[in-house]
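[1] Just the structure for this:
(4 chains)
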Protein chains: 4
Amino acid sequence: MSSTIGLLYKVSTFGESHGKAVGAIVDGCPANLELSEADIQPQLTRRRPGQSDMTTPRDEADQVIILSGVENGKTLGTPIGLMVNNKDQRPGDYGEMSNVPRPSHADFTYQMKYGNRAASGGGRSSARETIGRVAAGAIAEKWLKEQFGTQITAWVSSVGTVDARDLSAAPPTRQQIDANMIRCPDEAAAEKMIKLVAATRERKDSVGGVLTCVVENVPVGLGEPVFDRFEAKLAQAMLSIPATKGFEIGSGFSGARMFGSEHNDPYELKADGSLGTRTNYSGGVQGGISNGEPIIFRVAFKPPATIGQAQKTSTFAGEPTVLEAKGRHDPCVVSRAVPIVETMTALVLMDFVLRQSYRNDFA
Amino acid sequence: MSSTIGLLYKVSTFGESHGKAVGAIVDGCPANLELSEADIQPQLTRRRPGQSDMTTPRDEADQVIILSGVENGKTLGTPIGLMVNNKDQRPGDYGEMSNVPRPSHADFTYQMKYGNRAASGGGRSSARETIGRVAAGAIAEKWLKEQFGTQITAWVSSVGTVDARDLSAAPPTRQQIDANMIRCPDEAAAEKMIKLVAATRERKDSVGGVLTCVVENVPVGLGEPVFDRFEAKLAQAMLSIPATKGFEIGSGFSGARMFGSEHNDPYELKADGSLGTRTNYSGGVQGGISNGEPIIFRVAFKPPATIGQAQKTSTFAGEPTVLEAKGRHDPCVVSRAVPIVETMTALVLMDFVLRQSYRNDFA
Amino acid sequence: MSSTIGLLYKVSTFGESHGKAVGAIVDGCPANLELSEADIQPQLTRRRPGQSDMTTPRDEADQVIILSGVENGKTLGTPIGLMVNNKDQRPGDYGEMSNVPRPSHADFTYQMKYGNRAASGGGRSSARETIGRVAAGAIAEKWLKEQFGTQITAWVSSVGTVDARDLSAAPPTRQQIDANMIRCPDEAAAEKMIKLVAATRERKDSVGGVLTCVVENVPVGLGEPVFDRFEAKLAQAMLSIPATKGFEIGSGFSGARMFGSEHNDPYELKADGSLGTRTNYSGGVQGGISNGEPIIFRVAFKPPATIGQAQKTSTFAGEPTVLEAKGRHDPCVVSRAVPIVETMTALVLMDFVLRQSYRNDFA
Amino acid sequence: MSSTIGLLYKVSTFGESHGKAVGAIVDGCPANLELSEADIQPQLTRRRPGQSDMTTPRDEADQVIILSGVENGKTLGTPIGLMVNNKDQRPGDYGEMSNVPRPSHADFTYQMKYGNRAASGGGRSSARETIGRVAAGAIAEKWLKEQFGTQITAWVSSVGTVDARDLSAAPPTRQQIDANMIRCPDEAAAEKMIKLVAATRERKDSVGGVLTCVVENVPVGLGEPVFDRFEAKLAQAMLSIPATKGFEIGSGFSGARMFGSEHNDPYELKADGSLGTRTNYSGGVQGGISNGEPIIFRVAFKPPATIGQAQKTSTFAGEPTVLEAKGRHDPCVVSRAVPIVETMTALVLMDFVLRQSYRNDFA
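    As a prediction, this is how the structure comes out:
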């Protein structure tokens, strides 16, 4: 298992869905950042299930506790221990399914890899695992905003076949995004998405979607070619989120259908006297390094694997069987993924900033 | 700069486009693998420009030399030094453009990040940088094939708006792929692609494209959740290749438009007695771990940034100017990217195999 | 700060002396190890201060809690969260000394490095920081013993100028070592050491000492030349323990005074049919790799910096002052360091075993 | 094998003693450092055997070639490829000893670990492996000197039982050190050492020794507690040098025999207005962080394992045999180790400086 990310802003997470607690250690946060639980909690609360009838009703308070690394309201430069207790410790609750690997879940692969697996709730492959990341990323978001005014904004840009208008050129605020329960700031599209999700729930089915994320006020020069290019580490971070199937930056897959004469971003002098680009098909990166333009990317999420419909599948032993998930389950997870995508982006950015710093002194 | 990839199969590359040499050190290759330059050269030769009128005519022999790590035809378990001499050392050749950052190139970002940049040929952001990776990955390919019969196959599945048929369910052989100069095994599509590239060259323009890659005979259990999930490290590897803009695995972005009842891959007993899935929307991974089904993914490449057409842009100082690239340049790079995608995949797989090994002994 | 050690058995620690908790995440422990708090507690209890009048009376129960990674009494292969609550949360208790950097403490360097420091108890430079390591190492010890019968045994071999007999050729048991409060299994020397410590306490002074450690039943082949040689990573681990000033393996510094004809360890057939060495000046390693002989090394600890005697020193501002530590303090820490040295050794060994495993399958 | 050191100044080495070449890649050197082969060669030349009758006469020119990373006399910030060709490629030359593992050499452990080993010259365990490190460290030395005036000075302080006076309080210059062939700046001791080495050679024996190293003008704040404490990474670096058996910093093992009241380093105002310590038993580090005082440490080297005397030992198969090394061999390696210790120190320092840089901007 590899539950550590980052070279200098190093985040290590722990916790199964139904164990005692989940959390993280953040090692490498600069000293002297003002920090309390209140800075971290909002993104955790946005991530929480049970916020609306869009999502699963399992009640989880998810209150974060800072165990170390902060004294007198400021970071010490030492590791920040972060913990959220699991209120819902029910090992064995999913026991009836233990001899059937759930289709498109991680039961089969965990069992094959580890010769063992959590008996309940998906263990480490559960969405609950993301709590540690979100808490760690919320700290990075605060620091980046204070240092550079960096603003990271993600929203739902499609659910199933319902697409929102492209808002990436003038990204909405978090308040606008949270104004509806699906977290899509195109109100007309949001309405259709909400109806689609409701109909999907009715059919005991689930549906996928896409998130768009824009990062503004990114320092020029972030990213470490060649293997840790900005977009490469961002892609890793996004594809490490459960249920993701794709990542594209700037023009993305549609850029592959274009000609160079259309796609190239010519330079021009900006109003503030800096050099910028007239278009941004590059998505804010060139040669693996941020160029000061907004970072724009999209992440594809598959439909959740847990559905109430009967599925014809097989037991571990290879015997045909029919599986029906009990209880209520999220038919669509993209709304809850918004803070996860934002905080994972912050982790990547933060690490690049700390890796980049020396050059500024030297050149 | 971060020119090392892999935890246990650790590859470090070096070299600018017009310096003395490019190459790599491979640290962590198991001992006792039979190895000579002849095992590495074929993928380097496939990567080489000037193979056809599809690509740039700059003649580069690109003969690899093994400097260390092999004795009496077998690997020692020690670092394998790999070097390819640059025949074409012309620092300053692109000097006329030195005060104009080429649009959608890395001139601007390298200059801002390092306060310096190679005066010619793109330096470290040049495609020539990939030689070290391809050589290192060719060794991994050989080892994986010997150990598990692993077969990695990439081909061109679209150029501009010309799409090939979906061949991922029954991937072609390398011989079939290399049968035409565009490396698209759908002959009808290939013909159109070749015409499109010719027309694009005629217009002094460039065009993008997509590669599809399938990996067969992948051991179950590879991938290290949560941050080094199989698809996460694969995405990082692919987005570290110059000119890439997107990555998707299995159903990818189209999976985000599906319902769970369509998308889930039910289990069934395979002919060989192992458990497999009836469909493969997952693309061979579940919970970040390989499940034994073929790994299927696609990578988007933007149109090359260097074009002969006049471009209205700006100097470093912010003065408007017009830029026209001299000489002949690749109008389309996806054919040459085939061995790069394959060998980068091998690097990722190899590292996962070495990281996975202990569990097998213990359980 | 860098609070993570290990490549595959990766241990990340957190916690200040007077915050809410201290602990660690262990990422990479193989699945299916039987594990409960009872396996970890003994070494934590041996580390605990207040076990005798040799050590500080601050009462700390130090009961470890497993937060994750274990279900139904077995490890899952997922990160093991480990926590020990701090009962003694008294921020500010040492406040009176806040404008005087304590001599040979970390007050000055932490303040200069981080521009901030824990107001009390030494923060992250406190011996309490070692709790996370000891807990993580106790798990490794259990696994190594089960897999290979590996036995790690450390004891006090000198206190001040009182030296014990050399017992490294036939190491004592932990029971024999714990038979007296100084943890020196040479009873005659132990008696003198105990008197020396008592006299030192009487004078409000402190005294240093040396630990010897022997590891038996070490698999052949551990250690990763060239930079992660067995002895190199062991030296790093030992010098990462607070108050250490030196490390030597096998003949150590006295080996530098010998001739090759004396020092070389000739090979001979062992009773069990394996090849071994007649002498062991090498200390169980050759070329950075374990050779199957016992690993023998020694670690030097300086006298604790906190003493009750008046010390003429200076404030942060450079003004001369006199400092007298209040309260009771350990005059000698080597006895408590015994489990720390043992468990840090286990961390190093465990990581090497996991890094080594593949070769065994392949050759 | 693990041939990479450093997190941000990352050095990867390659090469066996009798292959085509040895060398290194330096990834992370700041851009804009003036650099040519002439900056690197002096330390390589000091490392070279055959400089005097103290050392082996095998003639090796050891001319370094910069393959990449430098253009127009300045570093680009990209990986610096460094290569030294092996003139003496004689695989098989030591073949007669192939079925006898040489006592206290790495033949046995490499064979057991890798199931293979270089047939000649010690392969990767040969002193020739250090060339890559020395070249990489020479670059770091130049940068550190330009940035901070950092001066790293090592010398031979004992050979066998001949000890030099303690010169660490006022370290000699490199010129003074190189004034005699044993590199001991205490002339009286040097004379005795030279005689001892000559007599040892006469007897076809070898002898060990100790190096002392002092680093002046070290920035305050370097070192990353807890696992990458300054002294911990320095110890790792030193124990990664072939033939080392011990490391001590500041008071070292003798500090373990002292009382706290003697050993503590009180603070005082320095002439330049900074806070320093009156004594330096700490050796320039406190709590794992540099305090601005000179770093002082010592490294123990065992006698070289290759001796001309007949040794009773055993074949790999366990049969008794007598081994006599042919040819001429270094009876004492400590003089040649001087530049190795210095450059390895530079690698450790350089990495700490780059890891430390951000705090300076932020606080």
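[2] May I ask which helix or strand encompasses residue A:345?
    Assigned by DSSP states H and E, residue A:345 belongs to helix A:334-362.
[3] scratch that, residue A:194
    Here residue A:194 is assigned to helix A:187-202, by DSSP H and E.
[4] Going by neighbour count, which residues in that helix are buried?
    For helix A:187-202, a neighbour-count test (16 or more other Cβ atoms under 10 Å in any protein chain shown) marks A:189, A:190, A:192, A:193, A:194, A:196, A:197, A:200, A:201 as buried. (Glycine included, C-beta is placed from N, CA and C.)
[5] Contacts for that helix, please.
    Defining contact as Cβ atoms under 8 Å, 6 or more residues apart in numbering or on different chains, one finds that helix A:187-202 is touched by A:54, A:156, A:159-160, A:162-165, A:180-182, A:184, A:206-207, A:209, A:331-332, B:259.
[6] Whichever of those end up buried, select them in PyMOL.
    Applying 16+ other Cβ under 10 Å to the contacts of helix A:187-202 leaves a buried subset, and the PyMOL line that selects it is:
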select buried, (chain A and resi 54+156+159+160+162+163+164+180+181+182+184+206+207+209+331+332) or (chain B and resi 259)
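[7] coming back round to it: how far off helix A:334-362 does the helix holding residue A:194 point, in degrees?
    Here helix A:187-202 runs at an angle of 130 degrees relative to helix A:334-362 (axes from the mean of the first three to the mean of the last three Cα atoms, to 10 degrees).
[8] Pull helix A:187-202 out as PDB, backbone CA atoms only.
    Coordinates of each C-alpha in helix A:187-202 appear next as PDB, following Å, rounded to 0.1, in the frame of the first residue of the first chain:
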ATOM      1  CA  GLU A 187     -28.800  26.500 -13.100                       C
ATOM      2  CA  ALA A 188     -30.600  25.100 -16.100                       C
ATOM      3  CA  ALA A 189     -28.300  22.200 -16.400                       C
ATOM      4  CA  ALA A 190     -28.400  21.700 -12.600                       C
ATOM      5  CA  GLU A 191     -32.100  21.200 -12.700                       C
ATOM      6  CA  LYS A 192     -31.900  18.500 -15.300                       C
ATOM      7  CA  MET A 193     -29.000  16.800 -13.500                       C
ATOM      8  CA  ILE A 194     -31.100  16.800 -10.300                       C
ATOM      9  CA  LYS A 195     -34.000  15.200 -12.100                       C
ATOM     10  CA  LEU A 196     -31.700  12.600 -13.700                       C
ATOM     11  CA  VAL A 197     -30.200  11.700 -10.300                       C
ATOM     12  CA  ALA A 198     -33.700  11.300  -8.800                       C
ATOM     13  CA  ALA A 199     -34.800   9.100 -11.700                       C
ATOM     14  CA  THR A 200     -31.700   7.100 -11.400                       C
ATOM     15  CA  ARG A 201     -32.300   6.600  -7.700                       C
ATOM     16  CA  GLU A 202     -35.800   5.500  -8.400                       C
END
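[9] Sort out for me which of the contacts of helix A:187-202 are in strands.
    Of the contacts of helix A:187-202, the ones assigned to strands by DSSP state E are A:156, A:159, A:162, A:163, A:209.
[10] Mind putting the residues you listed into CSV with distance to residue A:174 and pLDDT?
    As requested, these are exported to CSV (distance: Cβ to Cβ, whole Å; pLDDT from 0 to 100):
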residue, distance to residue A:174, pLDDT
A:156, 13, 98
A:159, 19, 98
A:162, 22, 98
A:163, 21, 98
A:209, 18, 98
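[11] Within reach of chain C, which of the contacts of helix A:187-202 are there?
    Near chain C, judged by Cβ under 8 Å from any Cβ of the partner chain, there are no entries from these.
[12] from the stretch 101-250 of chain A, which residue is nearest to chain B?
    residue A:106 (2.4 Å; Cβ to the nearest Cβ).
[13] how near is the residue nearest to that residue when sequence neighbours are not counted to residue A:135?
    The shortest distance from residue A:106 to any non-neighbouring residue, by Cβ to Cβ, 6 or more residues apart in numbering or on different chains, is to residue B:287 (2.4 Å). Distance of residue B:287 to residue A:135, given as Cβ to Cβ, to the nearest Å: 22 Å.
[14] higher neighbour count, those two?
    residue A:135 (31 against 27; other Cβ atoms under 10 Å in any protein chain shown).
[15] Just to check, that one is in contact with residue A:82?
    Yes. Assessed by Cβ atoms under 8 Å, residue A:135 is found in contact with residue A:82 at 4.6 Å.
[16] The residue of the stretch 101-250 of chain A found nearest chain D: which element?
    When scored by Cβ to the nearest Cβ, the stretch 101-250 of chain A has residue A:147 as its residue closest to chain D, at 7.9 Å. Counting by DSSP H and E, the element that carries residue A:147 is helix A:130-148.
[17] Now that helix: buried residues?
    Applying a neighbour-count criterion of 16+ other Cβ under 10 Å, one finds A:130-144, A:147 buried in helix A:130-148.
[18] roughly how far apart are the residue of chain A most remote from its centre and residue B:280?
    Centroid-distance maximum for chain A: residue A:319 at 36.6 Å, with Cα atoms, centre = their mean. Remark: distance between residue A:319 and residue B:280 (Cβ to Cβ) = 21 Å.
[19] For chain A, just list every one of the helices.
    With DSSP state H as the criterion, chain A has helices at A:37-47, A:107-114, A:130-148, A:174-177, A:187-202, A:230-239, A:252-255, A:260-263, A:334-362.
[20] just checking, the residue of the stretch 101-250 of chain A closest to chain B touches residue B:288?
    Yes. Between residue A:106 and residue B:288 there is a contact under Cβ under 8 Å: 7.5 Å.
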